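A.B. asks: With the input below, show me the fold.
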Amino acid sequence: MKKIIINPIWPCLMLCIGLVSCTSQKSTLEVSSEEKAVFDSNDEEPVEIADDETEYEIIIIEPGFNTWLNSIARPEGYYSQSYMENRNAIMVTNWNQRVLNPMRWNPNLYEMQINYDPSIDYGYEVNYKLYNYFIYFQRKYNQRLGPFIPRI
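C.D. replies: I've put the predicted structure just below:
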């Protein structure tokens, strides 16, 4: 007859490793006081997103966004166009799903669908401002439009 001896340290060690690896990451965003001040501002200067070559246009009327874009957002050229196109495609899909489900998502936040086709080249400026609007929106309203934390 064979005897199996279980060392009590191994199950405890495995349990501790399992518990440590299962702890959740911090899900709240750290927003600076400067950014909070911009979120609370009433500056309603619209931001027009347009590309003359492709003839696409978006107008964003969101209090504080223009100030945030000019003072807090990463400057143009920081992100590549392909990076922003990939992120925009994900965030537009999630946005549009929320617009179509007003019983689950706040219809005051998600009012209109965004017609964004990832196969169309909207140009750098359109993608830059749309991407930054999504970052602004997520940080201001503590929303997540994708699997990533919206950072600046």
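
A.B. asks: start to end distance for stretch 42-56?
C.D. replies: The first and final residues of stretch 42-56 sit 27 Å from each other (Cα to Cα, to the nearest Å).

A.B. asks: pretty sure residue 95 is in a strand, no?
C.D. replies: No: if the criterion is DSSP: H, G, I helix; E, B strand; the rest coil, then residue 95 is helix and not within a strand.

A.B. asks: and it, how many neighbours does it have?
C.D. replies: 23 (other Cβ atoms under 10 Å). (Glycine included, C-beta is placed from N, CA and C.)

A.B. asks: got a pLDDT number for it?
C.D. replies: Residue 95 is assigned a pLDDT of 97 by the prediction.

A.B. asks: who are the neighbours in contact with it?
C.D. replies: By Cβ atoms under 8 Å, 6 or more residues apart in numbering, residue 95 lies in contact with 110, 113, 114, 134, 145.

A.B. asks: can you give me the helices in this structure?
C.D. replies: 9-21, 33-40, 65-71, 81-99, 124-141 (DSSP state H).
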